[in-house]
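In: Sequence first, then the predicted structure:
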Amino acid sequence: MTDPATSESTARASGWRNPPVLFKLLFALAYTVVLWVVVVEGVLRVVPVPGYRRSDLVPIETTDAKQRNTGHPYLAYALKPGWESAKGARHSFKHNSLGLRGAETTYAKPDGVFRIVCLGGSSTYGHTESSNATTWPVKLQTYLNEALPGRKFEVINGGCSGYSTFESTVNLAFRMIDFQPDLVVVYHNINDMRCALWKVPPKNDNSHWRDVWPRYQPSPMEPMFEKSMTYLILRRYLTDYFAVRSEQGFFAIVDYDPAEKDPYPKSMEEVNPQGFNNYRRNLKTLTAIARGHGAKILFATQANDREDFRQIKSGDIQLECMAAMTRIMRDVGQELGVPVAETATVLEAEATRQRMERAKKGIVPKTPEERNHDQEIFSGEVHLWDEGADLLARTFRDEILRFKLIQ
């Protein structure tokens, strides 16, 4: 006869050896969770796995501390006041309290100061120059003060990455004109060219190109959740958050796809003239605004690195359209009596000279990085190295003096 106590003890032991199905499932789930936490929350924080690095999961421009631009009701976006780049960054950027790259200033113009406002996109803002001090507006101020020591000059950088004459027209009318400039400098071409060549037919108000800057309001719990790699992975791959937030970059462009590297036409036959008409109209409007407020205006041809454009499929058509934009600038200048500084000629000639000097020494670039350093003027497209910005500033100084624009 079996002892009841012994039977009960044996049954309990057997139960542990053969647990119920539900218990097995719960154990497997707990094991999976622990393994996930160890791998995802631990290993992935220190081991860089492509697609699962924090930089792959959090769009760099979504973090307020890193976002140099902010939404604006009339400009789509503008520079964030008071923003500055991280310590130790390769390039140093700093915005003043009025949302401009440069030193602090005031709307009220000090007595005896000749004030110049510079309008443009990233090549005016100084996207690739090493610091605020090496941007061409700052250098221009220095060179003018040196050239005319009896005068006092202030040059204000009104440039912003991605701006075309559309944004600069609004920027001048609603913001920059309040600085009471004596001279307005317009350094625009490439962004207007790309507005004109965008993959959909251009509209007269540029709404085919410029989108509304996205307004993002995270929940109060979002910063806490973002500390979890699990949360970041699920948000990145199971929602449209990343696509919506990352596609804007510095800009806000309709149908922008960061993976689509060359969304432009391949021949002039495909180009709609509306974009060129827009550019002509905007240059006239900028002139009217400046003159209407007592300022003189100077157009300047935008220099570009032809060698860089030749590396892309639509490079030839982009160069052709930039040349067309330059002709329009000269035509408008002649029609309205606006002087045109031929800055492109000077910078492009110097870049060519430097390339030839290197070629004579047998220095032949083989990689994109080497091509960008086969001269010290252009860092790509229309962007400038410090030496290029310095040459541009000196050229502007010479042209301003040649045209007798300082009274």
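Out: Yep, that arrived.

In: pLDDT below threshold where in the stretch 201-350 of the chain?
Out: For the stretch 201-350 of the chain, the stretches with pLDDT under 70 are 243-250, 258.

In: quick one, helices of it?
Out: Counting by DSSP state H, counting those that start in this stretch, one finds helices in the stretch 201-350 of the chain at the ranges 222-225, 229-238, 241-246, 274-292, 306-309, 315-336, 343-360.

In: Those: which one's closest to residue 210?
Out: Checking those against residue 210 by C-beta to C-beta gives helix 274-292 as the closest, at 11.7 Å. Just so you know, the C-beta spots here come from the backbone N, C-alpha and C atoms, and that holds for glycine as well.

In: Would you mark the buried spots in the closest one?
Out: Going by neighbour count (16 or more other C-beta atoms under 10 Å), the buried part of helix 274-292 is 274-276, 278-280, 282-283, 285-287, 289-290.

In: just checking, what packs against it?
Out: Applying 3 or more C-beta pairs under 8 Å, 6 or more residues apart in numbering; DSSP states H and E, we find helix 274-292 packed against helix 165-174, strand 183-187, helix 190-197, strand 296-300, helix 315-336.

In: Save the buried residues of helix 274-292 as a markdown table, and put in distance to residue 88 too.
Out: Formatted as a markdown table, the buried residues of helix 274-292 follow (distance: C-beta to C-beta, whole Å):
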| residue | distance to residue 88 |
| --- | --- |
| 274 | 45 |
| 275 | 41 |
| 276 | 44 |
| 278 | 42 |
| 279 | 40 |
| 280 | 45 |
| 282 | 39 |
| 283 | 41 |
| 285 | 42 |
| 286 | 38 |
| 287 | 43 |
| 289 | 41 |
| 290 | 40 |
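
In: from those, which is closest to residue 22?
Out: Distances from residue 22 to those, taken by C-beta to C-beta, are shortest for residue 275, at 66.9 Å.

In: looking at it, the closest one is touching residue 200, isn't it?
Out: No - with contact defined as C-beta atoms under 8 Å, residue 275 does not reach residue 200; the gap is 11.1 Å.

In: which residues of the stretch 1-150 of the chain fall in strands?
Out: Ranges of strands in the stretch 1-150 of the chain, per DSSP state E, counting those that start in this stretch, are 69-72, 76-79, 113-120.

In: Reformat those as JSON lines; add mean neighbour count.
Out: As requested, the strands of the stretch 1-150 of the chain are exported to JSON lines (neighbours: other C-beta atoms under 10 Å):
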{"stretch": "strand 69-72", "mean neighbour count": "18"}
{"stretch": "strand 76-79", "mean neighbour count": "23"}
{"stretch": "strand 113-120", "mean neighbour count": "24"}
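
In: can you put the ones you listed in a markdown table and add mean pLDDT and distance to residue 40?
Out: Below are the strands of the stretch 1-150 of the chain laid out as a markdown table (pLDDT from 0 to 100; distance: least, C-beta to C-beta, whole Å):
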| stretch | mean pLDDT | distance to residue 40 |
| --- | --- | --- |
| strand 69-72 | 88 | 32 |
| strand 76-79 | 94 | 35 |
| strand 113-120 | 98 | 45 |
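
In: so can I have JSON lines of those strands showing distance to residue 313?
Out: Formatted as JSON lines, those follow (distance: least, C-beta to C-beta, whole Å):
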{"stretch": "strand 69-72", "distance to residue 313": "29"}
{"stretch": "strand 76-79", "distance to residue 313": "28"}
{"stretch": "strand 113-120", "distance to residue 313": "26"}
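
In: Local confidence estimate at residue 147?
Out: pLDDT, residue 147: 97.

In: out of everything not next to it in sequence, what's closest to it?
Out: Closest residue to residue 147 apart from its sequence neighbours, by C-beta to C-beta, 6 or more residues apart in numbering: residue 397 at 6.1 Å.

In: Also residue 124?
Out: Using C-beta to C-beta, 6+ apart and skipping the chain neighbours, the partner closest in space to residue 124 is residue 159 (2.8 Å).

In: Spell out which helix or strand contains the residue nearest to residue 147, please.
Out: For residue 397, the host element (DSSP states H and E) is helix 386-402.

In: Pull out the buried residues from that helix.
Out: 386-397, 399-400.

In: hey, C-alpha coordinates of stretch 79-86 in PDB?
Out: Extracted C-alpha coordinates of stretch 79-86, given in PDB (Å, rounded to 0.1, in the frame of the first residue of the first chain):
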ATOM      1  CA  LEU A  79      17.700  80.000 -37.900                       C
ATOM      2  CA  LYS A  80      17.100  79.200 -34.200                       C
ATOM      3  CA  PRO A  81      18.100  82.200 -32.000                       C
ATOM      4  CA  GLY A  82      21.000  81.400 -29.600                       C
ATOM      5  CA  TRP A  83      21.800  78.000 -31.100                       C
ATOM      6  CA  GLU A  84      25.400  76.900 -31.300                       C
ATOM      7  CA  SER A  85      27.200  73.700 -32.400                       C
ATOM      8  CA  ALA A  86      28.500  71.100 -30.000                       C
END
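
In: Measure how far that stretch is from the centre of its chain, please.
Out: Relative to its chain's centre, stretch 79-86 lies at 13 Å (C-alpha atoms, centre = their mean, to the nearest Å).

In: mind listing what's buried in that stretch?
Out: So, applying 16+ other C-beta under 10 Å, buried residues of stretch 79-86: 79, 83.

In: cool, stretch 355-364 as well?
Out: Neighbour-count burial for stretch 355-364 flags residue 355 (criterion: 16+ other C-beta under 10 Å).
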